[in-house]
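In: test case, fold it:
(chains A, B and C)
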Amino acid sequence: MNIVPKVLVTKIGLDGHDRGSRVVAAHLRDAGMEVIYTPPWQSIDAVVKLAIEEDVDVIGISSLAADHRIVPKLMRALRDADVASVAVIVGGIVPDDDEAALLEAGVSRVFHPGSSLDDIATYIRSIVPALRDARSVTWRASA
Amino acid sequence: MRRDEPPATARLLAGDRRAIAHAISALENDAPGADDLQRALAPQLGRACVLGITGPPGAGKSTLINALLGEMLARDLCVGVVAVDPSSPITGGAVLGDRARMGEHGGHDRVFIRSLSTRGHAGGLARRTDRVVDVLDAAGFDVVIVETVGAGQSEVAIADLADTRIVACPPGLGDALQAIKAGILEIADVLVVTKGDVPGADATRRDLADMLRLRRGGSDVPVLTTIATRGDGIAQLVDAAIAHADRHGRGQRLRARRNADANGERVARLSARDPFVRALGIECIGGGPGCATTRLRIAPHHVNFNGGCHGGAIFALADAAFGLASNSHGTTASGIEAHIAFHVGVREGDVLTARATEIARGNKLATYRVDVTRDDATLVASFSGTVYVSARTNEPASAEAAAPPE
Amino acid sequence: MNKPLDPAKLAPADAFEQWRREYAEHIANDRACENRSGIAIKPLYTSDDWNGARDDIDLGYPGHEPYTRGIYATMHRGRTWTQRQLIGLGTPAEYNARLRALIEHGATAVSLIPCNSVFRGYDMDEVDVELLGTCGVVVNTADHMDTCLAGVDIARMSCAMNDPSPFTLLAFMLAVARRRGVSFGSIRGTSNQSDYLSHYVANHMFFRIALPGARRILADHIDFCVRHVPHWNPMSVVGQHMQQAGATPAQAVAFAFATALQNADDCIARGMEPAAFLPRFTFFFDISLSFFEEVAKFRAARRLWPRLLRERYGVDDQRSLRFKFHAQTSGADLTRQQPLNNVARVTVQAMAGIFGGLQSLHTDAYDEVLSCPTEYGARIAVATQNVLREEAHLTDVIDPLGGSYYVETLTGQMEEEILRNLALVQNVGGMYEAAASGLVQRLIGESAQRFQAKVESGEQTVVGVNAYRVDEGASDRPRVQKIDDDAVLAHLAAFAAWKSARSQAAVATALNDLARAADAPTANVFEHVIAAAEAGCTHGEICATLRRELGFGHVQAIV
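Out: Numbering: from 1, shown residues only, chains lettered A, B, ... in the order given. Just a heads-up that it's a prediction; the model follows:
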């Protein structure tokens, strides 16, 4: 079965610069993925709801300024909503100290400015099969 | 899945959002267990009012849907939305941006939005959109809205998917209006002129009303104007949609589907007992009421003395689709005349697809059009044909007594 | 033929031919070059390309049409560009300390960047505390503004407020002016980035109120300032956002011009005289690393703008025709890798801006890409300007690149490319329509993708990123400025106390008046914003009221 990765590309927090996230979204589309793209300033609740409804594989957070500082809140909200086997990656300006904290909070990977778009796409493709397996459900004909 | 959770199907029918989303994914991806899932859902179908919203790009469908959500939420309804975006034919990828325009109400917990991409399926819908709608119906949503990109005749696909078909047109379409009218206006149950505050909106509304007069049953179709950003006309649109659903009954789409399934199965059976078609290597890949699709890969023995594909092979392919489509209703149809025009050269190795659709069907005669395309979407030939329709069934009760095809 | 020929014996055409042959012979692999705006660049420019024959039409003299060489007769020799470094950090007290230090080191003007929460139209108690004060100062009231400007003579200092619609920061400053007995007539500066259209299509952070409302409030703002704050520039048209978002340099100028014309049309539509408001229009541009392209871009813009104004409005006076602009070195060109290289980049960018004839300059700090710039980085940025001016003597000659075959040719080509892009927008009915339909966003997005493709393929080198890479660890990067969380929490606490102590009745009345003004098409909303500021309303309250009446500013998500 041909897996088409489903990726959410979004921004939480206050910053509005979205050149990076738009370029990444276009690249992932050109790499054969389905990308849900939102405007900036999504609330954490909205991101959780979207991730559930769309059954995404990966949540890509684009962060400049200090918006990465609330990513741990997003991780907690995802756990509280029982959203499992969805990877969160952060792209943008993240100081070194904060990167360690993000990884500890459950973020899968941080991509810094200058990261290659191909690397991002390759990384996503490499992690999606295992995420899908973990999320797969057994359906039975009778309720 | 956690061990202490009730089975997924039970959770889905209780409206659990994660279960609904996983079910949609399973159907979208043809995952193992999808058939079991469909069987589990079958008894629960037919309660939701399914609205199909289509129209040309630029009509503001997503903005309109956002306004509809607001109105429906105010009426205490639970609404599911299926938003379909086109995939790139080259990479297979897609940007699904429709739900971003429904952000205002999309965050409400009585709203569920799912984005699908077409993944190469024609007609502006994803291949399994009908099954995705079923999931939301079974899960208990009062209304399910399906949004699709539309312009042109392929959007007839939404006709079978929805109980109530809403077509949204931006003001000032002009020439584009002519192009879309054939397919889309034929299927509309409600017409909406969006962006009603833009100059030309009123003229567009009048044009559409005029065109409806030419259509059978057209006077029953309301033509409304909306300004979604201000909420103007939205309540009236919801009223019109619900009125239509009440008049024709919910679950209309299921009845149409049962007919279509029956027709599709019939087409497959007919094709299987056609020696000529088999000898040429033509296969039937789809069919329904009044329609059929056949396919042929051009092999060395289909080639003529000039090295190109023999016109007779293309004719046979189109004629096969024509014959199956005209016989799909279960009565014997015999060809009276047929015409083909060849547009571009075809070579060995090309894969051709012929799609037959019914143009008109009366008591004695019926006419069909068949478009033959190559796998790069080029139209290689156009075929038209007329049949004489008899009342005789083309599927006698016993297999041995099968009458020879005429 | 190996014996060198005596050039004096050759006709000019033959000498050129000889050069061309030798060039072709000796060049290892000649590559086709094009600049960021898509213009093909040759290895050599000669009098065949530009020969000064139309000197008076193309070039002229500084301070006179066609203005190519400068808008003033003296340019930087007479008055140096304004050293306007953007600063904003944390609390008003921290900001005030940093500001006074900068003034002591030579900064000649004030600028203020508010916190992202302010940009988004919220008060500090409406957002996640982790996000406060990280990139700008948290100013929510007139009192906060008073603290920011403590000890600063606002009657003499020029202030630039990064202050989008509905211009609450200026409102706070005018409230402070009244408190200090300073007349509005003495207040000078700019509503930096007041251009709602550029916010809508790029750098969306500043876009707060739906398009029609934003359009109306800007016109109100310009109207009010023209009448009551005559030394204030209420209109800062932003090309920088679009270039940062990926627009080519020519596109950035074209779209900025389209925006300016749109705003001018709107002012005229409500009865204002062009000569009254045009002198108060300023521009704000990015300066990229494409050195000669940027110089040519600014010269072309300066020549083109007065022509557009004449054609469209029949304007005649110098004050209206002068193309005044502030420029900032482009952060989009800076890298996280080997950050000290950014000092070199900023130097080149600044030079391009200086040779381009800017009126005011902001140089980025080298650590801008890692977080908000440190004081150390900011100091180097200012020093860079001082070095260029006083050690390299770059300003001793006005328009020193004028007359260069290359620069004059390129100036003409950039002008054509700007006009071509401008036509795309004007053909769909102007910038407002083009932005509302998403056309401009798509064009910018395509340019961004094209440039990124060049970086990904290596065609465009980025030192330290796709070439000349070095293994670096955290220790190779400068320490990032840490936010003083305690100061922010104290600021929050003080704010809460202040809110409960103020007159709720006065606030309620003022907000009510503001709401009614928003609903009345002939009222001046900005006037009521000032009244609300003086009555003790907060920034968030003012924005919320206007968003409720005029619609929340949603942006389009276009890939």
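In: what's the span of stretch C:205-212, first residue to last?
Out: Using CA to CA, to the nearest Å, one end of stretch C:205-212 lies 18 Å from the other.
In: relative to the whole chain's centre, how far out is it?
Out: The chain centre lies 18 Å from the centre of stretch C:205-212; the measure is CA atoms, centre = their mean, to the nearest Å.
In: what sits closest to C:P234 if chain neighbours are left out?
Out: Spatial nearest neighbour of C:P234, excluding adjacent residues (CB to CB, 6 or more residues apart in numbering or on different chains): C:C225 at 3.9 Å. From N, CA and C alone the C-beta is placed, and that goes for glycine too.
In: follow the chain on from the helix or strand containing the one you found and name the next helix or strand.
Out: Element membership for C:C225, per DSSP states H and E: helix C:211-228. Note on helix C:211-228: by DSSP H and E, the next helix or strand toward the C-terminus is strand C:232-233.
In: what lines up beside the helix or strand just after that next one in the sheet?
Out: As assigned by DSSP H and E, the chain's next helix or strand after strand C:232-233 is strand C:235-238. Paired neighbours of strand C:235-238 in the sheet (DSSP bridges): strand C:281-287 (parallel).
In: run through the bridge partners of the residue nearest the centre of chain A.
Out: Centrality entry for chain A: nearest residue to the mean C-alpha point is A:I59, 1.5 Å, by CA atoms, centre = their mean. On the basis of DSSP bridges, A:I59 is bridged to A:L8, A:V88.
In: name the SS class of B:G196, please.
Out: Look at B:G196: counting by DSSP: H, G, I helix; E, B strand; the rest coil, its state is coil.
In: contacts only, for C:D316.
Out: By CB atoms under 8 Å, 6 or more residues apart in numbering or on different chains, the residues touching C:D316 are C:R310.
In: quick check: the residue of chain C nearest chain A.
Out: Among the residues of chain C, C:M205 lies closest to chain A, at 2.9 Å counting by CB to the nearest CB.
In: that residue and C:D163: what is the separation?
Out: Distance, C:M205 to C:D163, using CB to CB, to the nearest Å: 13 Å.
In: who has more neighbours, the two?
Out: Between C:M205 and C:D163, C:D163 has the larger neighbour count (other CB atoms under 10 Å in any protein chain shown), namely 30 against 22.
In: now that one. Its backbone dihedrals?
Out: phi -140, psi 80 (degrees, to the nearest 10).
In: in contact with it, which residues?
Out: Here C:D163 is in contact with C:114, C:169-170, C:191-194 (CB under 8 Å, 6+ apart).
In: cutoff 6 Å now
Out: C:169-170, C:191 (CB atoms under 6 Å, 6 or more residues apart in numbering or on different chains).
In: among those, which ones are in strands?
Out: When DSSP state E is applied, the contacts of C:D163 are split such that C:S191 fall in strands.
In: roughly how far is stretch B:130-138 from the heart of the chain?
Out: In terms of CA atoms, centre = their mean, the centre of stretch B:130-138 is set 15 Å apart from its chain centre.
In: how deep is whatever residue of the stretch 351-500 of chain C ends up closest to chain B tucked in, by neighbour count?
Out: Residue of the stretch 351-500 of chain C nearest chain B, by CB to the nearest CB: C:S437 (8.5 Å). Residues near C:S437, counting by other CB under 10 Å, number 14.
In: equivalent analysis for the one 4 residues further on, please.
Out: Taking other CB under 10 Å as the criterion, the count of residues near C:Q441 is 23.
In: distance of it from A:V58?
Out: Separation of C:Q441 from A:V58 (CB to CB) stands at 25 Å.
In: one more: C:V387?
Out: Going from C:V387 to A:V58 by CB to CB gives 47 Å.
In: so which of the two has more stuff around it?
Out: Just comparing C:V387 and A:V58: by other CB under 10 Å the higher neighbour count belongs to A:V58, 24 against 14.
In: any idea of the pLDDT on the more buried one?
Out: We note a pLDDT of 98 for A:V58 in this prediction.
In: quick one, phi/psi of B:R347?
Out: phi -120, psi 170.
In: contact partners for it?
Out: With CB under 6 Å, 6+ apart, B:R347 has no contacts at all.
In: rewinding a little: least confident pick among the contacts of C:D163?
Out: C:S191 (91).
In: before we move on, the earlier item: buried stuff in the helix holding C:C225?
Out: In terms of neighbour count (16 or more other CB atoms under 10 Å in any protein chain shown), helix C:211-228 has its buried residues at C:211, C:213-226, C:228.
In: output the contacting helices and strands for the longest helix along chain A.
Out: In chain A, with assignment by DSSP state H, the single longest helix is helix A:117-135. Contact partners of helix A:117-135 among helices and strands, from 3 or more CB pairs under 6 Å, 6 or more residues apart in numbering or on different chains; DSSP states H and E: none.
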